[in-house]
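K.L.:
Next come a sequence and a model predicted from it.
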Amino acid sequence: MPGGRLTQQERQQIALGVADGLAYAEIARRLERPTSTITREVMRNGGPTAYRADLAHRATERRAHRRRRRRETTPRGTQIPELPHGRDPEAVREYEETFTTVLMQTGAPKMMSRVLTCLYTSDTGSLTAAELVQRLQVSPASISKAISYLETQGLVRRERDDRRRERYVADDDVWYQSMIASARGTIQLAETARQGVGILGQGTPAATRLENIARFLDFVSESLTRAADQAREVLHTKPETPSDSAT
């Protein structure tokens, strides 16, 4: 199986595959690459509608050049901060990129996905604006905009720590609240669709279509709410340790 960076020829094959509507897994199989490699490559270079092999190749070369410049300008003897729990920094970086890419595939903008990934992969589950700026190397304004968007989606919340600093939190219960918010939005859409039935005339093709949409969305929202309530405790369940499973 090929390793290392993607070649320009491989990027051309990716572009052809994307243009033909192939799934990332199928493109990866043809190139004998991990699916995550193909997904990350496409999403970090414009997404499926804007991916271009030549532009992606040049962008990769620029990123590699910037990394070399950082290494060259880093003073000798500078200690690279160690990550907690003996984590491999390179593996963590790759995982964060993959997680960000997957979030982007769900429709979340890139900066919002990067912020959410930082919060999910931090042990505390919360970070200050300054910590996010430092980790992502972006402006405070970018962080503020991302947080505002994530709040509207119910994916983060704000709280004050003991030093009165504002922290942004993505704790276990945020997923539940996000699902409930999504269900409410679906209910509102169903109600709006149903309003059109009387306006367009009961029994007409347009009204029938809207009624079917409303019934479908009613079922989805009810199922989503019920499933979220039933599974809520999973978010607070501690994983089994090897010693637990051995007893």
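P.N.:
Nice, thanks for sending it over.

K.L.:
quick one: residue 97 and residue 206, what's the gap?
P.N.:
Distance, residue 97 to residue 206, by C-beta to C-beta, to the nearest Å: 45 Å. Just so you know, the C-beta spots here come from the backbone N, C-alpha and C atoms, and that holds for glycine as well.

K.L.:
Neighbour count for these two, which is higher?
P.N.:
Counted by other C-beta atoms under 10 Å, residue 97 and residue 206 do not tie: residue 97 has more neighbours, with 17 against 12.

K.L.:
So for the spatially closest residue to residue 92 that is not a sequence neighbour, what's the pLDDT?
P.N.:
Nearest non-adjacent residue to residue 92, counting by C-beta to C-beta, 6 or more residues apart in numbering: residue 83, 6.3 Å away. For residue 83, the pLDDT comes out at 72.

K.L.:
State the number of residues packed around residue 83.
P.N.:
For residue 83, the count of nearby residues is 11 (other C-beta under 10 Å).

K.L.:
Hmm, it is touching residue 93, no?
P.N.:
No - Residue 83 lies out of contact with residue 93 (C-beta atoms under 8 Å); the separation is 10.0 Å.

K.L.:
my guess is residue 193 is in a strand, correct?
P.N.:
No - membership of residue 193 in a strand is not supported by DSSP: H, G, I helix; E, B strand; the rest coil, which gives helix.

K.L.:
was I right about it contacting residue 208?
P.N.:
No - assessed by C-beta under 8 Å, residue 193 is found out of contact with residue 208, at 11.4 Å.

K.L.:
quick check: domain ranges of this structure?
P.N.:
Per automatic domain parsing, the structural domains of the chain span 8-63, 90-170, 173-236.
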